[in-house]
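S.K.: Based on what follows, work out the 3D shape:
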Amino acid sequence: MSYHFKTRSEATPPRTPASSEEQQRKIHEVRELLGDDLQTEMPSFLSNGTIRRFLRARNWNTEQATKAVKETIKWRRQYKPDEICWDDLADRENGARKAYLPDYLDKNGRKVFVTMVSMKTKTSGKEQIKHLVYYLENMSLNSEHGEDDNVVWICDFRGWTLSSTPLWESRESLYIIQNYYPGLIAAAIVSNPPKIFESFWKILKHFIEPAMHDKVKFVYTKNSESQRIMEDLFDLDKLESVFGGRNTSGLDIVKYADRMRRQDQFRGCCKNINVNTSST
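M.R.: Presented below is the predicted three-dimensional model:
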């Protein structure tokens, strides 16, 4: 896949608030613009919550939101993200050490997504994008009743080098998050980036929309001021020690795999799943 990216200066203006009545009216307008065929094709995806997030991402402009939804539907037809299961992922056990969903929420009840950016895996960049999409699908569950901005994303940059994350992979990941899963990320924690990351960030930030850019927070475990950000967001008894928490237990891959397979069952994409119930 290749995409055209807007720089921050070309991006749409900040989102404006709307009353609940106006939100419902605009959701209805988008449904009318989409037509019955598309809504019949993807009824679970096209919930009111999903449409509302696309409207927010397009500053409540119904035509732009409809266009964005249609582009996402086209992508979902081709990529089929709702059909990706844990057992479809290449090198999934090692991949889970690089990107995973912890079994705790933040203090505001939001989901947490952790990526260990510099960790090496045997998978290709294409497979790592598939891994990301799998987690995005999991995090966007229950969109009808879920809150907007419902995920806190922690990125561990310890040991990062310019070869750790190719620019194309970062750009494509950002494109998918911002265009196909808008309104999902509440905060993006950039943890312990090395000095060399500054030059990479100067390039990358031009592909981040203003609304997302404002959610990025740089945190350093040896800096007391930035650590207060983590203390405000997380229960330190649950937060991993590498991020300044007190949890040193590490990831149990067997239990984690069972949890993700159960999640696949809930999503309705299981394929002869054998869940080890004794690990719960």
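S.K.: low-scoring stretches of the stretch 101-250 of the chain, by residue?
M.R.: 142-147 (pLDDT under 70).
S.K.: so where do the helices sit in it?
M.R.: Secondary structure of the stretch 101-250 of the chain (DSSP state H, counting those that start in this stretch): helices located at 125-139, 167-180, 197-204, 210-213, 224-233.
S.K.: Tell me the spatial nearest neighbour of the residue most central in space within the chain, not counting adjacent residues.
M.R.: In the chain, the residue lying closest to the centroid (CA atoms, centre = their mean) is L136, at 4.7 Å. The shortest distance from L136 to any non-neighbouring residue, by CB to CB, 6 or more residues apart in numbering, is to Y181 (4.9 Å). C-beta: built from backbone N, CA, C; applies to glycine.
S.K.: what about that neighbour, neighbour count?
M.R.: For Y181, the count of nearby residues is 23 (other CB atoms under 10 Å).
S.K.: so who does it touch?
M.R.: 136, 139-140 (CB atoms under 8 Å, 6 or more residues apart in numbering).
S.K.: rewinding a little: in this structure the residue nearest to the centre of the chain contacts N179, no?
M.R.: No: judged on CB atoms under 8 Å, L136 makes no contact with N179 at a distance of 11.5 Å.
S.K.: okay, now Q178: neighbour count?
M.R.: Using other CB under 10 Å, Q178 has 21 other residues around it.
S.K.: and it, how far is that from G125?
M.R.: For Q178, the distance to G125 equals 18 Å [CB to CB, to the nearest Å].
S.K.: Ok, I73 next?
M.R.: I73 is 25 Å from G125, by CB to CB.
S.K.: Break this structure down into its domains, please.
M.R.: Listed domain ranges for the chain are 18-79, 83-279 (source: automatic domain parsing).
S.K.: Can you show me the strands along this structure?
M.R.: For the chain, the strands defined by DSSP state E occupy 99-100, 111-116, 151-156, 185-191, 216-219.
S.K.: Output those in TSV, with mean neighbour count appended to each entry.
M.R.: As requested, the strands of the chain are arranged in TSV below (neighbours: other CB atoms under 10 Å):
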stretch	mean neighbour count
strand 99-100	20
strand 111-116	22
strand 151-156	22
strand 185-191	20
strand 216-219	17
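S.K.: Tabulate these in CSV, adding columns for distance to G244.
M.R.: Converted to CSV, the strands of the chain look like this (distance: least, CB to CB, whole Å):
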stretch, distance to G244
strand 99-100, 18
strand 111-116, 13
strand 151-156, 11
strand 185-191, 9
strand 216-219, 8
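S.K.: Burial check on M42, number of neighbours?
M.R.: There are 17 residues near M42, going by other CB under 10 Å.
S.K.: again with R76
M.R.: Look at R76: counted by other CB under 10 Å, it has 17 neighbours.
S.K.: per-residue pLDDT, it?
M.R.: Looking at R76, its pLDDT reads 97.
S.K.: That one against F45, yeah?
M.R.: Yes: in this structure, R76 is within contact of F45 by CB under 8 Å, at 6.7 Å.
S.K.: Counting neighbours, go ahead and name the busier of I73 and G125.
M.R.: I73 (18 against 13).
S.K.: got a list of what that one touches?
M.R.: Residues near I73 by CB under 8 Å, 6+ apart: 38, 41-42, 45.
S.K.: Return the member of the residues you listed nearest to L233.
M.R.: F45 (29.4 Å; CB to CB).
S.K.: wait, doesn't that closest one sit right on K80?
M.R.: No: assessed by CB under 8 Å, F45 is found out of contact with K80, at 11.6 Å.
S.K.: Compare the two (neighbour count), which wins?
M.R.: For F45 versus K80, neighbours defined as other CB under 10 Å are more numerous around F45 (19 against 11).
S.K.: Can you tell me how far the residue nearest to E41 when sequence neighbours are not counted is from L55?
M.R.: Of all residues beyond its chain neighbours, the one nearest E41 is I73 (7.5 Å), with distances taken as CB to CB, 6+ apart. Counting by CB to CB, the gap from I73 to L55 is 16 Å.
S.K.: From A188, how far out is K107?
M.R.: On the measure of CB to CB, K107 and A188 end up 17 Å apart.
S.K.: I203 now?
M.R.: Taking CB to CB, one finds I203 at 17 Å from A188.
S.K.: Check R53 too.
M.R.: 17 Å.
S.K.: Name the single longest helix found in the chain.
M.R.: Counting by DSSP state H, the longest helix found in the chain is helix 62-79.
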